[in-house]
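Student: Sequence and computational prediction follow.
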Amino acid sequence: MAIVYAVAQLLDNIVLQPLIYFAERQSPSIEIFLVILMAGNVA
């Protein structure tokens, strides 16, 4: 069960969140990716 949760979490964090942010803000996906990485390092 933990493996399924980990895979779902990775899929959400790496694929879905950048796509959602890109669709909402129409900014370059690399910019969104870098922002997510920086936020993850701060938290």
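Tutor: It's in.

Student: what's the helix or strand hosting N41 packed up against?
Tutor: Following DSSP states H and E, one finds N41 within helix 29-42. For helix 29-42, the elements it packs on are helix 17-25, judged by 3 or more CB pairs under 8 Å, 6 or more residues apart in numbering; DSSP states H and E. Just so you know, the C-beta spots here come from the backbone N, C-alpha and C atoms, and that holds for glycine as well.

Student: okay, the angle between the helix holding N41 and helix 17-25?
Tutor: Angle, helix 29-42 to helix 17-25, by axes from the mean of the first three to the mean of the last three CA atoms, to 10 degrees: 120 degrees.

Student: For helix 29-42, which outside residues touch it?
Tutor: Residues outside helix 29-42 that contact it (CB atoms under 8 Å, 6 or more residues apart in numbering): 13, 17-19, 21-22, 25.

Student: worst-scoring helix or strand of the protein, pLDDT-wise?
Tutor: Using mean pLDDT, DSSP states H and E, the weakest-scoring helix or strand in the chain turns out to be helix 17-25, at a mean of 73.

Student: Put the alpha carbons of that helix into PDB.
Tutor: Extracted C-alpha coordinates of helix 17-25, given in PDB (Å, rounded to 0.1, in the frame of the first residue of the first chain):
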ATOM      1  CA  GLN A  17       1.100  19.900 -10.500                       C
ATOM      2  CA  PRO A  18       3.300  21.500 -13.200                       C
ATOM      3  CA  LEU A  19       0.600  20.900 -15.800                       C
ATOM      4  CA  ILE A  20      -2.100  22.500 -13.700                       C
ATOM      5  CA  TYR A  21       0.100  25.500 -12.800                       C
ATOM      6  CA  PHE A  22       1.100  26.000 -16.500                       C
ATOM      7  CA  ALA A  23      -2.600  25.900 -17.600                       C
ATOM      8  CA  GLU A  24      -3.600  28.400 -14.900                       C
ATOM      9  CA  ARG A  25      -0.800  30.900 -15.400                       C
END
